[in-house]
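# I would like the atomic coordinates for the input below:
(chains A and B)
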Amino acid sequence: MAVAWEEQRASRIIERHRGTEGALLPMLHDLQDEFGHVPDAALPMLAQALNLSRAEVHGVVTFYHDFRREPAGRHVLKLCRAEACQSVGADALHDRLLQRLGLDWGATTPDDRLTVEATYCLGLCACGPAALMDGRVVGRLDDEGLDDLVREAR
Amino acid sequence: MARIYVPRDAAALAVGAEKVVAAIQAEARRRSLAVEIVRTGSRGLFWLETMIEVATPSGRIAYGPVKAADVPSLFDAGLLIGAAHPLRVGLPDDIPFLKRQTRLTFARCGIVDPLSLDDYRAHGGYRGLQRALSLGGPAIIDEVTRSGLRGRGGAGFPTGIKWKTVADTPADRKYIVCNADEGDSGTFADRMIMEGDPFVLIEGMTIAGIAVGATKGYIYIRSEYPDSIKVMRRAIEIARDDGALGPDINGSGHDFDLEVRVGAGAYVCGEETALLESLEGKRGVVRAKPPLPAHKGLFGRPTVINNLISLASVPIVMSEGAQAYADLGLGRSRGTMPIQLAGNIRHGGLFEAAFGLTLGEIVDDIGGGTITGRAVRAVQCGGPLGAYFPRALFHTPYDYEAFAAADGLIGHGGIVVFDDSVDMARQARFAMEFCAIESCGKCTPCRIGSTRGAEVLDKVMAGERREANVALVEDLCNTMKFGSLCALGGFTPYPVLSAIRHFPEDFGRAPLGAAAE
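Predicted coordinates for the structure are as follows:
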């Protein structure tokens, strides 16, 4: 569970990786694991620790799809939109789910319980349509299966 | 005590393996039976997952696909002695899908406990390293070169030559980097090794380190593989505790250690130079070559960067000898390739075989056609940057050169099957859209071309000046193919142009005549 921003915690995370080769990505991952996103306040701290400009750190954070600038909903459902899942009807399945939830890709339900995101391949290409629910793999999804996941979140 | 093997591969977890384990435990308790559950990787027969196996005097007997609800009836039937049941599939090695394979790289996958070094050693593990240690650097490289092993990531560059370049480049330190950023849709071979036989990768990278004089290695795993990350990290700890990694590995006088690094959702980081940038903590932007990574790679040092399957194939090459490996295959494609059957296919999974089967044999005979029961219309080979093949090209032999000659690529070995409901214009548009989403932005043909390509294909799909717009897409593809820095922009034209060429009716052109191809 993500915790609220605390500068002390962030310093400890950054400190843990000091001296590591190419430390920025491991730091960003751990910050996001801790706080649920990469808070803006962490950027100058990272820049100072790694002797980078804030622009360079900003550039890295914004380059990678995984890093969030804002917190997500309490649960995150990542749906695979790549070809192998397309071939077993994922597109239509996703459209129906987003319509039922009244959401667009990347959006969060008004009660902040669920964020639905696109991902491109989970390596479950012979058991699609596939998804990751809070890091847990789910395969052979249909409408009922997706609804079960949504109910789990709400 | 009865022993039951249950996979912990993500493909099994995704269809309820944990629930099956819980049900077996509950059922055994209820019946006061002692049952030991051993978690393994997957055999790669995904239509049978969750496939459980019970140890019997006549060998392991498999049952699948098992759901938690099937467990009571399996016990009733006599699961623990391998008795008959509608889900019983018998000895795994007798299943035609497995029987037809030549499992070298995947020899242990699905059989051993992935986190038991004893199991690994009992099944032939570390024999390759032992022989490598007796040979020494130059002879190891010579052996890998003579085996004919080529990069299994897609480019097909000879592995031994890459290693020799690094070995011959003097430096204060060198690196071994494993590219486990397996982003191609339709592929899961790297994932299966990491979750099913992680020590084979550790052994392969250790051999590479000794061969070129590197003492540090990184495994760059995509964040979309949370289970692989966990297993791989644990396997490294176990190897370190055993002395198989770290200083003076198992008393050999060689130091070698490994670290897992996690990607962050950028497909382009599967491109080797972008991966190196990402490992350095930067944006995953492609580097211009030269310099080659073998000369100036990670942190400017000579670096062996290989696909996971290439590295995981090295132990078997070393233990069995170069000739045994090179004896398999076709033309300049030597050894075996883990073919990954995916998408709308009845028998999806991992099929490791010597190069040379035809595409039709793979899709129709081995894969059994589509899961929907409709006709196969197109198969995309080699991931999102690979060409779509029509049935008319099903005679193409599966090897690097034959696929290149058919304007395609085998890539990392993925094959995604589509039935006759597929709209190829939509697939072509997706290829452009995907390139636009994932472009690193460094070169213009890829960054701008992909967005313009998607826009023009939208017009084609809307029926707007179709012929002129299709011609425009073809022209744009030409620019992207020859003007892009890396394979993302350079190969996106493969799916687009193959869709237009083989399925012209989906783009408003006349269908190919019966005489064509």
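# Domain-wise, how is chain B divided?
Segmentation of chain B into domains, based on automatic domain parsing, reads B:2-99, B:117-326, B:329-419, B:424-507.
# Outline the domain layout of chain A.
Split by automatic domain parsing, chain A gives A:7-63, A:75-153.
# want to try a markdown table for the ones you listed, with mean neighbour count as columns?
Any C-beta I mention is one placed from the backbone N, CA and C, and that applies to glycine too. Output for the domains of chain A, formatted as a markdown table (neighbours: other C-beta atoms under 10 Å in any protein chain shown):
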| stretch | mean neighbour count |
| --- | --- |
| domain A:7-63 | 17 |
| domain A:75-153 | 20 |
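# In CSV, list those along with distance to B:Ile305 and mean pLDDT.
CSV is the format used below for those (distance: least, C-beta to C-beta, whole Å; pLDDT from 0 to 100):
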stretch, distance to B:Ile305, mean pLDDT
domain A:7-63, 14, 97
domain A:75-153, 20, 97
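# Return the distance of the closest residue to chain A within the stretch 1-150 of chain B relative to B:Glu49.
Nearest residue of the stretch 1-150 of chain B to chain A, counting by C-beta to the nearest C-beta: B:Ala14, 3.3 Å away. Remark: distance between B:Ala14 and B:Glu49 (C-beta to C-beta, to the nearest Å) = 8 Å.
# Which one's more surrounded, those two?
B:Glu49 (29 against 26; other C-beta atoms under 10 Å in any protein chain shown).
# Next one: the more buried one from A:Met1, what distance?
To A:Met1, B:Glu49 is 31 Å away according to C-beta to C-beta.
# try B:Val304
B:Val304 is 40 Å from A:Met1, by C-beta to C-beta.
# Who are the contact partners of residue 47?
Unless you meant another one, I'm taking chain A. A:Ser53, A:Arg54, A:Glu56, A:Val57 (C-beta atoms under 8 Å, 6 or more residues apart in numbering or on different chains).
# My question was about chain B, not that one.
Going by C-beta under 8 Å, 6+ apart, B:Trp47 touches A:Ala126, B:Pro65, B:Arg346, B:His347, B:Gly348, B:Gly349, B:Ile371.
# wait, which of the residues you listed is closest to B:Ser223?
Proximity of the contacts of B:Trp47 to B:Ser223 (C-beta to C-beta) peaks at A:Ala126, which lies at 21.3 Å.
# per-residue confidence for the closest residue to the closest one other than its chain neighbours?
Nearest non-adjacent residue to A:Ala126, counting by C-beta to C-beta, 6 or more residues apart in numbering or on different chains: B:Gly348, 2.7 Å away. As predicted, B:Gly348 sits at a pLDDT of 98.
# Would you confirm that B:Gly348 contacts A:Ala130?
No: B:Gly348 is not in contact with A:Ala130 according to C-beta atoms under 8 Å; the separation is 12.0 Å.
# Just give the closest residue to the residue of the stretch 1-150 of chain B closest to chain A, not the sequence neighbours.
B:Ala14 sits nearest to A:Gly139 (C-beta to C-beta, 6+ apart), 3.3 Å away.
# Next, B:Lys481: secondary structure please.
Assigned by DSSP: H, G, I helix; E, B strand; the rest coil, the conformation of B:Lys481 is helix.
# what about it, how many neighbours?
Neighbour tally, B:Lys481, other C-beta under 10 Å: 18.
# Quick check: the gap between the residue lying closest to B:Lys282 once chain neighbours are set aside and B:Ala266.
In space, and not counting its chain neighbours, B:Lys282 is closest to A:Val60: 6.4 Å by C-beta to C-beta, 6+ apart. Distance of A:Val60 to B:Ala266, computed by C-beta to C-beta: 11 Å.
# contacting residues around B:Asp119?
By C-beta under 8 Å, 6+ apart, the neighbours of B:Asp119 are B:Val112, B:Asp113.
# any idea which element it lies in?
helix B:117-122 (DSSP states H and E).
# got the CA coordinates for that helix in PDB?
C-alpha atoms of helix B:117-122 as PDB (Å, rounded to 0.1, in the frame of the first residue of the first chain):
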ATOM      1  CA  LEU B 117      20.400 -25.800  -7.400                       C
ATOM      2  CA  ASP B 118      20.600 -29.500  -6.400                       C
ATOM      3  CA  ASP B 119      17.800 -30.300  -8.900                       C
ATOM      4  CA  TYR B 120      19.600 -28.200 -11.500                       C
ATOM      5  CA  ARG B 121      22.900 -30.000 -11.000                       C
ATOM      6  CA  ALA B 122      21.100 -33.400 -11.000                       C
END
